[in-house]
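Asker: for reference, the sequence and a predicted model appear below.
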Amino acid sequence: KLLYRGVTISAFNDGSLTGLQFLLAGFFQKLITGGTERSLTFAEELGSSMASGAISGVPCAIMELTMIQQQRFGGSLWGTPARIMQAQGPS
């Protein structure tokens, strides 16, 4: 094998979540300022960053679970989440 199990979902996780966090941080910054051009306070920047990180945690948890399960048990990119859902349900 050329790559270890789970490398595809790991790379997708890193790339997509970084982009999502930047997108969400920008959204929250515009929400805070009402769309006006001004510098944000430290608290406003921190709040928008924390909110974007919290929201991105949901897809991150799903992708991390998929990666760990692939490393432990093998399986395909789409088959692993399907197997988890079949065995455990959405909880």
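Answerer: In hand now; what should we look at?
Asker: from now on I want contacts and neighbour counts done on CA atoms only, so please keep to that.
Answerer: OK.
Asker: in this protein, which spans are strands?
Answerer: With DSSP state E as the definition, the chain shows no strands.
Asker: go ahead and flag the most central residue of it.
Answerer: Geometric centre of the chain, nearest residue: Cys60, 3.3 Å, by C-alpha atoms, centre = their mean.
Asker: that residue reaches Gly15, doesn't it?
Answerer: No: in this structure, Cys60 is not within contact of Gly15 by C-alpha atoms under 8 Å, at 11.0 Å.
Asker: can you pull the contacts of the closest residue to Leu17 other than its chain neighbours?
Answerer: Distances taken as C-alpha to C-alpha, 6 or more residues apart in numbering put Ser56 closest to Leu17, at 6.5 Å, once the chain neighbours are dropped. Residues near Ser56 by C-alpha atoms under 8 Å, 6 or more residues apart in numbering: Leu17, Leu20, Gln21.
Asker: now, the residues you listed that are in helices?
Answerer: Among the contacts of Ser56, the ones falling in helices (DSSP state H) are Leu17, Leu20, Gln21.
Asker: quick check: the gap between the first one and Thr41.
Answerer: Plainly put, Leu17 is 25 Å away from Thr41 if you go by C-alpha to C-alpha, to the nearest Å.
Asker: what of the last one?
Answerer: As judged by C-alpha to C-alpha, Gln21 and Thr41 stand 19 Å apart.
Asker: which residues touch the residue nearest to the centre of the chain?
Answerer: Asn13, Leu17.
Asker: cool, thanks, signing off.
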